[in-house]
Structure formats: C-alpha cells, structure tokens
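J.: return a 3D structure for these sequence lines:
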Amino acid sequence: MTLLDLSGLSFGYSPAKPVLRDIDLAVAAGDNLGIVGESGSGKTTLLKLLLGLERPTVGRISFRGKPLDTSDRGFIRGFRRSVQAVFQDPYSSLDPRQKVFDIIAEPLRSLKVETDVAAAVAQALADVDLPADAAGRYPHEFSGGQRQRIAIARAIVAKPELIIADEVVSALDLTTRTRIIDLLRVLSPRITFVVVSHDISLVALLCQQLVVLEKGRIVEQGRTRDILAHPQHPYTQRLLASTPRMPALV
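T.: Take a look at the predicted model:
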C-alpha cells in the first residue's frame, strides 16, 4: 500500500530559483525510505513538502491515494495523526517550559484523539525505554539522547503510520547515535520511516529504499542494497567514497 506519492513535483521559493525539479517517488507501507544528499541538495525542502508544510509549484502529492489538501480540515487532521516527524536537534525541539507528560500528550490533545491520555503517554515512554517517572520531569533534566527519545515518544503516541526523521542522530555522540538507531529499528516493524540524512551509513541500517538527491533532482533511486553495492551515478559514487565504513545492510 502506498502511503505518500509524489508525481511530477517541482518547487521553488521564487520562479527564478527552483529548489526541486521533476520529483517522482513513493513511500510504501513497511518499506522504509532514505533520502540522502549533501547540504543544498533539497532534502529539507522535500521534507517540508512530505509533511504538507509547503505546496508544490508543479505536480501533486497524495496520501493514501487522496490529494494532500491542507485546506481540507478533516483530511489534514487524519494526515497529521498518520504522519509525524522527529527533527534534528533534541535540545530545541522540546518546549523547556512543559513537563514531559504534556510534551508527549500534545499530539493527542491537538488532534483530538479519543484515548486514555495517561495510559497512552505511559506506553509511549515504555516504547522508547524511558522510565514512567520521566513524565513528571522537564527536558533540561535529560541528556541529548534521552531528549531525542522523548521526541520519538511524542511522534509515536498517536500511533502514526509514517514518521519522517530529519537528521535524527546527527546532533548526538556516537554511542547515543547507536542507541537511537537501535530504537528506530525496534519500532520499524509497526511504523514506516522516511529518513532524511546526509549520512548514508544511517540510511543503510534503517531503510530498504534509497533516493539520492543532487541539486534538487533525483539522480538515483531503488533498493538500498542494490544502490550501495552498485552505484550507477557519479554523484552516488562520490557520496559512498566519502563514507569511511559501511554497516551491514538492511
């Protein structure tokens, strides 16, 4: 089943400066997708489009076969529940004035999800391997890795189908990176991930599908294993050459 589908998509913040051109890609349920490229390749803009935060200049985006229409309040509420995001910096993505309970519960309240909020927050904390008493504390009481776990708990509490992870471990030290990647792999069988990163080794650990962006265009896409074993485009070859050691592939 296709969750997100982008067809003939182009986007520019001004007509004279296109950021993305001729993008065609699909995100299938259960098939994690990695989007890689250097700074300036268009990854962040593509993420905004996937989240419905920007509208394409040309082309279309659909979710479960329906146009991603941000003016349709009923549709967008379902979309926001089904598609959540985890961002790069665990230090700025959490409101320091709120306790962890309220941070994690926020999607349930804003989306008007009918559920036992306390039970849902407790389950989300357990899912990311944080103690129950974390709910009563503030973000500054936690390490960077623990804060990222809180951000992931917030993303999963409403039971989304898809999580878009933007450079989700780049601000963390190596040991913490490994733990967060392991957590995402544990969650992966029940949630589909789109991982936006400049780090091919991270994508190799999590994603079955790979898209390579260069200057706003897709230069290569397909099964991660195939692309990493036999990269066809010179840009992909250069990215791989700059990765010191590739991990075991998914």
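J.: over to residue 125. Which of the three states is it?
T.: helix (DSSP: H, G, I helix; E, B strand; the rest coil).
J.: next structured bit after the lowest-mean-pLDDT helix or strand in the chain?
T.: In the chain, the helix or strand scored least confidently by mean pLDDT, DSSP states H and E is helix 200-206, which has a mean of 85. Using DSSP states H and E, the helix or strand that follows helix 200-206 towards the C-terminus is strand 209-214.
J.: return the residues in contact with the residue most central in space within the chain.
T.: Central residue of the chain (C-alpha atoms, centre = their mean): residue 164, 1.7 Å from the mean position. Residue 164 makes contact with 47, 50-51, 83-86, 193-194, 196, according to C-beta atoms under 8 Å, 6 or more residues apart in numbering. From N, CA and C alone the C-beta is placed, and that goes for glycine too.
J.: let's see 6 Å
T.: Residues in contact with residue 164, defined by C-beta atoms under 6 Å, 6 or more residues apart in numbering, are 50, 85, 194.
J.: helix or strand for it, which one?
T.: In this assignment (DSSP H and E), residue 164 forms part of strand 162-166.
J.: distance of the residue lying closest to residue 50 once chain neighbours are set aside relative to residue 118?
T.: Spatial nearest neighbour of residue 50, excluding adjacent residues (C-beta to C-beta, 6 or more residues apart in numbering): residue 164 at 5.7 Å. As judged by C-beta to C-beta, to the nearest Å, residue 164 and residue 118 stand 27 Å apart.
J.: can you tell me the SS state at residue 59?
T.: Using three-state DSSP, the structure places residue 59 in strand.
J.: can I assume it is in contact with residue 9?
T.: Yes - in this structure residue 59 lies within contact range of residue 9 using C-beta atoms under 6 Å: 3.5 Å.
J.: where exactly do the helices run in this protein?
T.: All helices of the chain, identified by DSSP state H, fall at 43-50, 73-82, 100-110, 117-127, 144-156, 174-187, 200-206, 224-229, 234-241.
J.: please identify the most buried of those helices.
T.: Comparing the helices of the chain by mean neighbour count (mean count of other C-beta atoms under 10 Å), helix 144-156 comes out on top with a mean of 23.
J.: tell me the helices and strands packed up against that one.
T.: Helix 144-156 is packed against strand 83-86, helix 100-110, helix 117-127, with contacts defined by 3 or more C-beta pairs under 6 Å, 6 or more residues apart in numbering; DSSP states H and E.
J.: out of the ones you listed, which gets nearest to residue 175?
T.: Shortest distance between residue 175 and the helices and strands packed on helix 144-156, using C-beta to C-beta, is found for strand 83-86: 19.1 Å.
J.: mind listing what residue 209 touches?
T.: So, once contact is read as C-beta under 6 Å, 6+ apart, residue 209 ends up touching 31, 33.
J.: begin at 4 from here
T.: Noted, 4 is the first residue going forward, which turns the last one into residue 212.
J.: partners of it in the sheet?
T.: Beta-bridge partners recorded for residue 212 (DSSP bridges): residue 36, residue 226.
J.: alright, that wraps it up for me.
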